[in-house]
Structures are given as structure tokens and as C-alpha cells.
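A.B. asks: Task: produce atomic coordinates for the following.
(chains A and B)
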Protein chains: 2
Amino acid sequence: MALKKVVVGIDIGGTNTVFGFVDREGNIIAEDRINTSRYDKADAYVAALYDKIMSVFRKIESEAEIIGFGIGAPMGNINKGTIEYSANLPWKGIIPLADLFNRYTSLPVVVTNDGNAAAVGEMIYGGAKGMKNFVVITLGTGLGSGFVVNGRLVYGHDGFAGELGHTSVRLDASNRECGCGKKGCLETYVSATGLKRNFLKIMADSNQPSELRKLSFEELDAELIHKEARKGDCLAKEAFEYTGMILGVKLADVVAHTNPEAIFLFGGLAKAKELIFEPAKKSMEENLLSIYRGKVKLLPSELSTQNAAVLGASSLIWSIKES
Amino acid sequence: MALKKVVVGIDIGGTNTVFGFVDREGNIIAEDRINTSRYDKADAYVAALYDKIMSVFRKIESEAEIIGFGIGAPMGNINKGTIEYSANLPWKGIIPLADLFNRYTSLPVVVTNDGNAAAVGEMIYGGAKGMKNFVVITLGTGLGSGFVVNGRLVYGHDGFAGELGHTSVRLDASNRECGCGKKGCLETYVSATGLKRNFLKIMADSNQPSELRKLSFEELDAELIHKEARKGDCLAKEAFEYTGMILGVKLADVVAHTNPEAIFLFGGLAKAKELIFEPAKKSMEENLLSIYRGKVKLLPSELSTQNAAVLGASSLIWSIKES
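C.D. replies: Here you go, the predicted structure:
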């Protein structure tokens, strides 16, 4: 029997690194993880990670053959195979991640950021199959994104294209501080954290009663706000409307720039369904030039939240093999 | 002697249609024009235009061979070869321009808008030779633009990508009316007309003396404001600074989305050199995520204003032949 071709999809987070062996259909045949934060040197980390990957691979090597390594990481640069100045990982400066991997393997190693990985994942395994022009936006703690144009990921001259979270919401920088050092970035308004910040300001200005007035800033989160909005909490619903409105304004810019067939929303906030989709769609349409109106689909991602990061990372290799 | 290959570059404007026979180096071997507004039916217009092109061609046919027709037109759709709902041309609705041309010729006919034509022109004949990722912005009466990603024009799912002039400057639509029916579009602030509108508001708020206070709204134009700014007029200089600042904010979005190697400014306003480039660059840099800072070149177009539209239109054919 022929061996099944698999890609090792690796999702590097600040705490854990999760990896899985993924086939062309997006099935994860085996998976495991190591602790990222335990390694203060990148080369020791890669040595340990590669070792762990191989120890898991030995259990499936009678049926599977690895064809490459796809890696999603914060500030991953697809042009250079590096991680550059990530604030969330233990290693500072520019880490030549692909080169470190290639000490152990001559197979292709591709590195990119989570947003780009999600976009390619959607194209290979999800709702963007067959689409040539689309955008994926991941709404988690922050806001990640990836753009596909003419069937290819847009990575730009320096490898950092497809960024939406750190574009500005207001003409003059607002006073809302972003983790990146700027103020007023889109992700400070549109993300799980952004929703919470929006909610708090709306609550502060209003006299409407809300169960959420009992909770501290630290206790509050997007899931609780979602739950209360479902129960009819006016302030929670208003926070979703405001968040969606701001997202829509910036989506209109994305449409004008790249005229995609569809924009996919992925992650925690996207699970709030019409609470976020309806105001975002309305505001996007209002801000579009008439030639674009009613043409761009705003859709939920078809990747399951649980495996998306590993699937997205693995999809980079299939995408290269098939282009 | 072998015949020289030429492209017919055609620039369709509301008043005139200018065309030229352009060689690979961007030399215009012969040119002429017809009156656009005289033809209220598109098929009669194309018949007359083709006839005129052929009558000029007969003078050079001993030395030149036509390899295609590149057409720049307002609302030109590169996917479909159509002009769609242009407010500036005599023909309403969707005009199948390429099909109308193909009644007379079996050579390639490509149609796109002026901004996209300018972008490809910069790549084929101008300062973007060899660049794979860049953006061209044309600052005339309005603001046109074209994006090149991975060496190819971004035209998007519906053929209307690369649009910057009708993205919104403010979160809530300002009260500045745009010709497109929306409010607060970038071109209402950043264009020859935008500069004039900005200047008038600055003058209204200020008590500073200015020679331009003697002129009516209709008498004022961007060239006069430029001239006075050169003489030291504070209000005129402030109008350029404000215009550049707003341009820079939106350029930062462009950089985040597509991470270009360079952004080229073309047209009347770009001739104001440092008056527009300096505030635009400063504001762009201030609004960029640190990974992009200091990396993106903001450059003047290297196409001469006089022939740019015909050159840009002709470049579409060379670009296809060489891709």
C-alpha cells in the first residue's frame, strides 16, 4: 500500500507549540505539543520540537510519509522563513526558523503568521476552495488576517502583507492603546478584547441595567458579553453593534483595495453569528462605492476553531505543491 | 527590415479620446484623437475610432505592426472588457467595449481604468521596472490608483480592485460630498479638487492674510495654491500639509494590506514635490506598524504627465505578452 502523504502543521504560541500530521483532506492523523516557553534559545527549542515530532511520527511511519513542514507563528515572515521581533515568544530579534529546521530535514519548511495560515487553510480545506480572491480575518484576542489575490497569498515586498489589525480606525489616533505601541488600531476595537473595551465604554455612558455591571474588567470577557446579548442585554447588544460597525468601515477599505469574492470571519467573535455579521455587513455596504455593493460575501469560516491553527499551518505546504 | 511591434494605446475621456502607437520602449510613433462626446451610441463611437486609428496607421504601416489595443477608460473592467456605469462618458449602463472592438480586429483588446493603466505603465516604462509589489496613485481632478502584487495587476473578483479614491477618510462619514454619491471619500480630500476644498476651509478658519482671499471658489485651483505656497503663503502651505497628512493615513492602510516596495504618486499634485511628499511620508510612517517603518519608498512617477494615459493604456498589452 502506498504511504499516505502528510504535512506537519505546527502552530507556535507563546505558551505551547501544537503540531499535527495532516493529510490532503485535512484529517489530523496524529498530534502532540511541546512547551514553547521552556526554551530560552531558539535552536534548543527547534531541536526539542523536531525530536518530539519524530517520536510521534515513528508511530505512524508505516502508513504515512512527510512531505513538508508548515509553520504558523506570530510575526512569521514567509519570504525569509523567519520570526521577526515577536513580542509573544521567548526569543528576541530575528529567528531563522526555517534554517534551524533545515539542520534536520531537507524537506520544504514554510513559515508565516497565523492570519496568512488561516487564509491558506480556508482555501485548501475550508469555504474558500476554488476562490481566487478572498480575505480571512481571525477574531481572537487580537485581529489577524490574510489576503489571497489571483489565487496566491499576498505577502508583499517584505513578507508582512495582509495586515488589518494594526490599521487605524480614526483619522487622528484615538487614545485607545494597542499592544503594538500605536494607538487606535483596528484590533483595539474589533477582537475579543476590543469588544470588551467597547462594552465598558458603552456601559460607562449608559444608565441601562445589566447583569454585567457586577463584573470587574478582569472578570469580563467576550463570551460573557455574547451570552448576555443572547439574553437581551441592551448594552451587550450595543457593544456588538458598535464592534461590527467599525469592522464594516475597514472591510469597505479591504473591498476597494482588493475586490474579493468573499471575506471570511474566523474565531471567537465570529461565533456570535448575526450579532457581529449583521452590523458589519450593514456598515461595510454603506461605506462601499456602488459598483461593489451587494457583491461581496461576508461568511463564517468553515474551519473548526479547534484545529484551525494546525490545519492552516499545514495548508502552506499543500498550497506550494499545487501552485 | 522587420516591422516594429507597436501597441495602440487609447485613453478614453469624457471630451476626447486620445490614441497613440507605442513601441516597447514607450516611444509614441504617431498619435491622434477623436471627440468622444460627439457619439451618443457606443457602437458608432467605436466604428469612428477604429476608422481613425486605421487612417493614422496607414502612414506608418511600412515600418510598424500592431500587436494589440490597450484601452484606459473610466470604470473600465479588465475582467470583462467593459465600461460599467461611467458617470463621465456619454454611454450609460454596461458597454462591451472589447467586444465592439473585436468586430473589427482579432488582436487582443484590453480595457481597464486609468489608475490600473497608470500602474502597469509605471511597471513597463517607468520607475517600477523590475518591481513585483507596488502601488500607483494618480492625483488629478480625482484620485485614481492601481495595485501590483506578485508582479501582476490586482483586479479582484469583479474587476474593480485597486480603488483608493473612494475609501472613507473618517469613521463617521464627514459632510464632504463626493461625486460618487458617498460622503468623505479620500478623493474629496486628496486630489486637485480636494486640495482646494481643504484650502478654503483652512482659510475660513484663519485670519492670516493671503493673496488667494481675492479669488472666488471657481477661480481658485490647485496650481494657484501651489504657486502661492512656493511664495510662502502660510494658508496654502497648511493646505498641502493637511492634504498630505490625510493621504499618509490612508497610505498606511495600503502598506498594511499589501506591503509594497514603493508607492508612486502621479499627476498635478505630485508636481508639488516636497509640499505633498513630506507630510504624506511623515503621516504614513506615524501610522505604520513598526515592522513596516522606513521600508516603503514614496516616489514620484517617472512617466511624463503629457503621455502617461496613452502609455499606461498601451502597457496593458505588453504586460500580457510578457507575463
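A.B. asks: For chain A, name the helix or strand with the lowest mean pLDDT.
C.D. replies: Lowest on mean pLDDT, DSSP states H and E among the helices and strands of chain A sits helix A:308-322, with a mean of 90.
A.B. asks: In that helix, which residues have enough neighbours to count as buried?
C.D. replies: Residues of helix A:308-322 classed as buried: A:308-319 (neighbour count, 16 or more other CB atoms under 10 Å in any protein chain shown). In this view, the C-beta of every residue, glycine as well, is placed from N, C-alpha and C.
A.B. asks: Tell me the spacing between A:Glu63 and chain B.
C.D. replies: When CB to the nearest CB, to the nearest Å is the yardstick, A:Glu63 and chain B sit 37 Å from each other.
A.B. asks: what's the answer for A:Val22, then?
C.D. replies: When distances are taken as CB to the nearest CB, A:Val22 and chain B turn out to be 26 Å apart.
A.B. asks: Show the contacting residues for that residue.
C.D. replies: For A:Val22, the contacting residues are A:6-9, A:28-29, A:310-311, A:314, taking CB atoms under 8 Å, 6 or more residues apart in numbering or on different chains as the criterion.
A.B. asks: Find the closest residue to chain B in the stretch 1-150 of chain A.
C.D. replies: When scored by CB to the nearest CB, the stretch 1-150 of chain A has A:Asn133 as its residue closest to chain B, at 4.4 Å.
A.B. asks: what about stretch A:237-255, near chain B?
C.D. replies: Yes: with CB under 8 Å from any CB of the partner chain as the criterion, chain B is reached by stretch A:237-255 at A:246, A:249, A:252-254.
A.B. asks: show me the contacts for the closest residue to chain B within the stretch 101-250 of chain A.
C.D. replies: Closest to chain B within the stretch 101-250 of chain A is A:Gly156: 2.5 Å, counting by CB to the nearest CB. Contact criterion CB under 8 Å, 6+ apart gives A:162, B:133, B:149, B:258-260 as the residues in contact with A:Gly156.
A.B. asks: Cross the residues you listed against strands and list the overlap.
C.D. replies: The strands, defined by DSSP state E, take in B:Val149 from the contacts of A:Gly156.
A.B. asks: could the contacts of A:Gly156 go into a markdown table alongside neighbour count and distance to A:Asn88?
C.D. replies: As requested, the contacts of A:Gly156 are arranged in a markdown table below (neighbours: other CB atoms under 10 Å in any protein chain shown; distance: CB to CB, whole Å):
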| residue | neighbour count | distance to A:Asn88 |
| --- | --- | --- |
| A:Gly162 | 28 | 18 |
| B:Asn133 | 22 | 27 |
| B:Val149 | 28 | 28 |
| B:Thr258 | 27 | 25 |
| B:Asn259 | 24 | 21 |
| B:Pro260 | 28 | 27 |
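A.B. asks: Looking at the contacts of A:Gly156, which are in helices?
C.D. replies: Counted as lying in helices by DSSP state H, out of the contacts of A:Gly156, are B:Thr258.
A.B. asks: Could you provide the contacts of A:Gly156 in a markdown table, with additional columns for distance to B:Ala44?
C.D. replies: Conversion of those to a markdown table gives the following (distance: CB to CB, whole Å):
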| residue | distance to B:Ala44 |
| --- | --- |
| A:Gly162 | 46 |
| B:Asn133 | 42 |
| B:Val149 | 38 |
| B:Thr258 | 41 |
| B:Asn259 | 46 |
| B:Pro260 | 41 |
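A.B. asks: quick check: domain ranges of chain A?
C.D. replies: In the assignment given by automatic domain parsing, the structural domains of chain A cover A:4-124+A:316-322, A:130-300.
A.B. asks: can you give me the strands for the stretch 151-300 of chain A?
C.D. replies: In the stretch 151-300 of chain A, strands defined by DSSP state E, counting those that start in this stretch lie at A:152-153, A:262-266, A:297-300, listed in chain order.
A.B. asks: hey, which of the ones you listed is tucked in deepest?
C.D. replies: strand A:262-266 (a mean of 24; mean count of other CB atoms under 10 Å in any protein chain shown).
A.B. asks: packing partners for that one?
C.D. replies: Where contact means 3 or more CB pairs under 8 Å, 6 or more residues apart in numbering or on different chains; DSSP states H and E, strand A:262-266 is packed against helix A:114-125, strand A:134-139, helix A:234-258, helix A:274-286, strand A:297-300.
A.B. asks: low-scoring pLDDT stretches of chain A, where are they?
C.D. replies: Under the criterion of pLDDT under 70, the regions of chain A flagged as low confidence span A:323.
A.B. asks: mind pulling up the phi and psi values for the closest residue to A:Ser174 other than its chain neighbours?
C.D. replies: With sequence-adjacent residues excluded and distances taken as CB to CB, 6 or more residues apart in numbering or on different chains, A:Ser174 is closest to A:Gly184, at 3.8 Å. Its backbone dihedrals place A:Gly184 at phi 70, psi 20, with angles given as degrees, to the nearest 10.
A.B. asks: Next, count neighbours for A:Gly184.
C.D. replies: Neighbour count for A:Gly184, taken as other CB atoms under 10 Å in any protein chain shown: 21.
A.B. asks: Show the contacting residues for it.
C.D. replies: Taking CB under 8 Å, 6+ apart as the definition of contact, the neighbours of A:Gly184 are A:168-170, A:173-176, A:178.
A.B. asks: Contacts only, for the closest residue in space to A:Pro279 that isn't next to it in sequence.
C.D. replies: Spatially, and ignoring its direct neighbours in sequence, A:Pro279 is nearest to A:Gly244 (2.9 Å; CB to CB, 6+ apart). Under the criterion of CB under 8 Å, 6+ apart, the contact partners of A:Gly244 comprise A:275-283.
A.B. asks: Residue of the stretch 201-323 of chain A closest to chain B, please.
C.D. replies: Minimum separation of the stretch 201-323 of chain A from chain B (CB to the nearest CB) falls at A:Asn259, amounting to 2.5 Å.
A.B. asks: can you pull the contacts of that residue?
C.D. replies: The neighbourhood of A:Asn259, defined by CB under 8 Å, 6+ apart, consists of A:133, A:292, A:296, B:154-163.
A.B. asks: try A:Pro260
C.D. replies: Here A:Pro260 is in contact with A:133-135, A:147-148, A:254, A:296, B:156-157 (criterion: CB under 8 Å, 6+ apart).
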